[in-house]
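In: Next input, structure requested:
(one chain, ligands or ions: 1)
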Amino acid sequence: MEQNRKPLIAGNWKMFKTCSEAADTAEKLVKLTAGVNDREVLIAPTFTALSDVRNVIKGSHVLLGGQNLFWENEGAYTGEISGQMLVSAGCSHVIIGHSERRQYFFETDETVNKKIKAAIQSKLIPIFCIGESEKERESKNTFSVLDKQVSKGLKDFSSDDVKELVIAYEPVWAIGTGKTATSAQAQEAHLFIRSLIEKKFGKMLAKSLRILYGGSVKQNNIAELMSMPDVDGALVGGASLDAETYAKIVHF
Ligand code: PEP
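Out: Below you'll find the model as predicted:
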């Protein structure tokens with residue numbers, strides 16, 4: 001973790017929690033992480049719980065994110081949510097291209113690119129997820145997969161467009177599996193991603209860009225991961241669902 005990149009700890013609540021459960025967890029999290037100002041804390045509840053969660057975190061340090069968006073602002077797109085709708089629900093960030101969306105909802109690098117564009121136009125900070133599968137790692141294709149995901153996902157953007165972008169490196173084999181990348185594996189991938197950003201957008205942006213690690217982050221591995229120079233935070237799934245557990249990760 002570089003001192004000039006403020007760490008971001010983001011909780012992805014996936015398809016868990018009713019409105020009241022989400023509000024209750026968020027309220028506890030606000031209390032348990034009160035006073036934290038050297039890192040950013042974010043939660044991304046389901047769409048239905050955004051408004052209730054917004055009410056309990058209002059005025060606090062806890063930030064709100066969406067888990068997905070559609071690239072049009074409005075229209076006949078049953079079941080979809082736009083960037084401006086997320087903003088109106090109090091979101092500052094949005095997760096884009098999570099591997100579960102790529103796997104179960106057929107998102108591609110091209111649709112991810114459109115979604116990042118829509119997020120930027122709505123003034124949302126995209127948390128752009130990339131990462132290789134187990135098979136791709138075993139066949140030594142990790143770097144080529146990351147290269148393709150970054151170049152296609154960030155196609156046709158200027159460095160100004162992506163100045164606030166956050167990238168989440170999430171090896172698919174580590175998500176929800178209890179297998180975590182070693183800190184050395186995470187550092188190697190993050191450094192590679194930063195070099196891709198430098199080639200595409202220049203040194204300045206590469207230096208300021210935050211790259212989060214995601215994949216079975218827990219209380220017992222967060223400190224080690226965060227000790228790596230190119231790990232600037234974490235995207236936490238399962239371990240963010242309980243306020244006490246998540247607060248311990250925030251306080252790593
Ligand atoms: C995630 O959902 O982005 C994630 C990393 O999940 P988990 O922490 O449960 O592996």
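
In: Distance from the chain centre to stretch 196-205, please.
Out: Its chain's C-alpha centre and that of stretch 196-205 lie 20 Å apart, by CA atoms, centre = their mean, to the nearest Å.

In: now do stretch 1-11
Out: In terms of CA atoms, centre = their mean, the gap separating the centre of stretch 1-11 from the centre of its chain is 12 Å.

In: what do you get for stretch 239-248?
Out: Between the mean C-alpha point of stretch 239-248 and the mean C-alpha point of its chain there is a distance of 16 Å (CA atoms, centre = their mean).

In: who touches it?
Out: If you take CB atoms under 8 Å, 6 or more residues apart in numbering as the criterion, stretch 239-248 is touched by 10-13, 16-17, 25-26, 28-29, 32-33, 43, 216-219, 236, 249. In this view, the C-beta of every residue, glycine as well, is placed from N, C-alpha and C.

In: From those, which land in helices?
Out: Helix and strand membership here follows DSSP state H; of the contacts of stretch 239-248, those in helices are Thr25, Ala26, Lys28, Leu29, Leu32, Ile249.

In: Which members of those residues are the farthest-apart pair?
Out: Using CB to CB, the pair of the ones in helices among the contacts of stretch 239-248 lying farthest apart is Ala26 and Ile249, separated by 15.4 Å.

In: Any residues of the chain in contact with the ligand? List them.
Out: When proximity is defined as CB under 6 Å from any ligand atom, the chain approaches the ligand at 12, 14, 98, 170, 175-176, 214-217, 235-239.

In: in terms of contact, does Ser208 touch Ser159 like I think?
Out: No. Checked against CB atoms under 8 Å, the pair Ser208 and Ser159 is beyond contact range at 10.2 Å.

In: quick one on the thing from earlier: and of the residues of the chain next to the ligand, the nearest to the ligand?
Out: Gly237 (2.1 Å; CB to the nearest ligand atom).

In: residues contacting the closest one?
Out: Contacts here follow CB under 8 Å, 6+ apart; on that basis Gly237 touches Gly11, Asn12, Lys14, Ile175, Gly176, Gly214.

In: got the phi/psi numbers for it?
Out: Note on Gly237: backbone dihedrals following degrees, to the nearest 10 are phi -90, psi -100.

In: Where does pLDDT dip in the stretch 1-150 of the chain?
Out: In the predicted model of the stretch 1-150 of the chain, residues 3 satisfy pLDDT under 70.

In: Make a PyMOL selection of the buried ones in the contacts of Gly237.
Out: Here is the PyMOL selection string for the buried members of those, based on 16 or more other CB atoms under 10 Å:
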select buried, resi 11+12+14+175+214
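
In: So which of the contacts of Gly237 sit within strands?
Out: Using DSSP state E, the members of the contacts of Gly237 that fall within strands are Gly11, Asn12, Gly214.

In: And the helices in the chain?
Out: The residue ranges that make up the helices of the chain, judged by DSSP H, are 19-32, 50-57, 83-88, 99-104, 109-121, 134-138, 142-153, 183-201, 203-208, 222-226, 243-250.

In: Dump those to a markdown table, plus distance to Trp71.
Out: Output for those, formatted as a markdown table (distance: least, CB to CB, whole Å):
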| stretch | distance to Trp71 |
| --- | --- |
| helix 19-32 | 26 |
| helix 50-57 | 19 |
| helix 83-88 | 8 |
| helix 99-104 | 13 |
| helix 109-121 | 4 |
| helix 134-138 | 27 |
| helix 142-153 | 13 |
| helix 183-201 | 21 |
| helix 203-208 | 23 |
| helix 222-226 | 32 |
| helix 243-250 | 30 |
